[in-house]
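A.B. asks: Test case, fold it:
(chains A, B, C and D)
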2 protein chains.
Amino acid sequence: MSYSTRQRQVILGILRQASQPLTAQEIRERASRDSAGIGLATVYRALKAFMARGEIAQVEIPGSPPCYEPTDRGHHHHFICQHCRRVFDLPGCVRDLDGLAPQDFQVERHEIVLYGLCSVCAER
Amino acid sequence: MSYSTRQRQVILGILRQASQPLTAQEIRERASRDSAGIGLATVYRALKAFMARGEIAQVEIPGSPPCYEPTDRGHHHHFICQHCRRVFDLPGCVRDLDGLAPQDFQVERHEIVLYGLCSVCAER
DNA sequence: TCGAATACGATAATCAATTCTCGAATTCAG
DNA sequence: CTGAATTCGAGAATTGATTATCGTATTCGA
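C.D. replies: The predicted structure follows:
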C-alpha cells in the first residue's frame, strides 16, 4: 500500500486549502513556505498516489500545465485570467450543453473554460 | 513579406479540407501522402506565418498538442472522442455562459469541449 | 533575367514537464 | 522494537513539442 508521510499530508492540505486547482510547481512552492521544502519528484509521486486513490483529479487547462484539485468539489468549471494567468474555480454550470453534439454522438462530460481578466487585473 | 510556396499552399489546403483542427504532426503526415514530403520545421514556419496573417487559429485542446484550423469557420466548439481521440468541430454555442463568472470578472472569450464517443465509436 | 529576400529540409538545440536513479530516511505491521 | 516496504531528495535522464542553424533552393519585384 502507500504510506502516509509528512510530505503527502502537506501536499494534500495545500490542495484542500487552495481555492483554485494548482500545478505541481505551485504545490511545491507553497509547500516550501512552511516545512523545509519538498522535492518536485515527491510532489509528482504524491499526486500520482492521490489520483490512484481518487482523492484528487487532474484538470487539463489549455495553455497551462496540468492542475490538480480535490475531487470533492462537485461539478464546476474554470476561469483563466489572461493577465496574471491564474486559474479560478467557477461554481455552477449551464444547461443544454449536450445538445451541441450531433444526435449520434454520446456526450459523457464537458469542460468549459472562460478567459478574461480577474477582478484584480480588471482594475487597470 | 512572405512568399507563397508550394509547401505553404499544400499546408493551407490540408487545413481547409480537414473537418477538424489538426496538429502540426498531422499536417505533416497528410502533406507527405501527396507531395514528396514536407519538413516539420516547414510546417511550423508556415503555421506561424498563417497565424500572423490571421488565416488560421490555434486551438488549445486539453490533453493534445495544439491544433490549427482556418479562422473562417465562425464561432464553434469541439468534441473529443475518448476512444479514437479525434477532434470534431461542433457548430453552435450556448447562451448565458458569461454569467458563470463573478460580476467583477471580465469575460472575453470561452472554450467548450465535450468528451464522449463519436458516432463511429459509439456503435459498440 | 537578376539578385535580394525569403523559405526549404535535415538535424541539432532548446525548453518545460515529468520520470528515473540511488543511497539515505521514514513508515508501520507484527 | 525490528525489518521489509515505501518514500524522500537532488539531480540526471527522458520525453515531446517547438525553434534555431545553415547551406541550398525558390520566389518575385524591378
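
A.B. asks: give the contact list for A:Gly116.
C.D. replies: A:Gly116 sits next to A:79, A:81-82, A:122, B:101, B:105-109 when contact means CB atoms under 8 Å, 6 or more residues apart in numbering or on different chains. Backbone N, C-alpha and C define where each C-beta goes, glycine included.

A.B. asks: Tell me the pLDDT of A:Leu117.
C.D. replies: On the pLDDT scale, A:Leu117 is placed at 93.

A.B. asks: Looks like it contacts A:His83 (just checking).
C.D. replies: Yes. A:Leu117 is in contact with A:His83 according to CB atoms under 8 Å; the separation is 5.7 Å.

A.B. asks: Looking at the two, which is more packed in?
C.D. replies: More crowded of A:Leu117 and A:His83, by other CB atoms under 10 Å in any protein chain shown: A:Leu117, with 19 against 14.

A.B. asks: which non-adjacent residue is nearest the residue sitting nearest the centre point of chain A?
C.D. replies: Nearest residue to the geometric centre of chain A (CA atoms, centre = their mean): A:Pro21, 2.5 Å. In space, A:Pro21 comes closest to A:Cys67 once its chain neighbours are excluded; the distance is 3.5 Å by CB to CB, 6 or more residues apart in numbering or on different chains.

A.B. asks: hmm, back to that, list the contacts for the residue nearest to the centre of chain A?
C.D. replies: A:59, A:61, A:67-69, A:78, A:87, A:89.

A.B. asks: separation between A:Gly99 and B:Leu90?
C.D. replies: Distance of A:Gly99 to B:Leu90, computed by CB to CB, to the nearest Å: 10 Å.
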